[in-house]
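Visitor: 3D, please:
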Amino acid sequence: MVVLEAAACGTQTFGTYVGILKDEPALGECFSDVRSLSEGIRAYLSSRHLENLRQVTSETARSKYSIEAVAEQYCVLYQQLISDLD
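Guide: Down below sits the predicted model:
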């Protein structure tokens with residue numbers, strides 16, 4: 001949940017290969033060790049494209065994980081389950 005909240009604000013999250021980060025790279029980056037994590041954070045903060053990265057992160061979070069997007073995904077799932085019963 002914290003990753004999605006940060007992403008909605010345009011802030012990428014950095015962590016290990018556990019959870020949503022490994023499945024949704026637009027929300028942040030995964031690293032296998034502390035050294036690469038540290039280097040990744042430094043590279044992100046010094047990026048000339050930081051504003052663009054923030055915008056992509058925010059747009060991804062809102063388009064895929066907003067309440068409207070998730071509700072639509074549930075509706076599609078329920079419709080598929082109902083049609084499978086017939």
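Visitor: can you pull the phi and psi angles for Thr60?
Guide: phi -60, psi -50 (degrees, to the nearest 10).
Visitor: tell me what the helix or strand of the chain with the lowest mean pLDDT is packed against?
Guide: Ranking every helix and strand in the chain by mean pLDDT, DSSP states H and E puts helix 20-23 at the bottom, with a mean of 84. Here helix 20-23 touches helix 2-8, strand 28-30, going by 3 or more Cβ pairs under 8 Å, 6 or more residues apart in numbering; DSSP states H and E. For the C-beta atoms, the positions are set from N, CA and C on the backbone; glycine is no exception.
Visitor: so which of these is nearest Gln80?
Guide: Distance to Gln80, taken as Cβ to Cβ, is lowest for helix 2-8 among the helices and strands packed on helix 20-23, at 24.4 Å.
Visitor: ok, the residue nearest to the spatial centre of the chain to Gln73 distance?
Guide: Centroid-nearest residue in the chain: Leu27, 3.1 Å away (criterion: Cα atoms, centre = their mean). The gap separating Leu27 from Gln73 is 17 Å, by Cβ to Cβ, to the nearest Å.
Visitor: hmm, back to that, put together TSV for the helices and strands packed on helix 20-23, with mean pLDDT and distance to Glu51 on each row.
Guide: As requested, the helices and strands packed on helix 20-23 are exported to TSV (pLDDT from 0 to 100; distance: least, Cβ to Cβ, whole Å):
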stretch	mean pLDDT	distance to Glu51
helix 2-8	90	15
strand 28-30	90	16
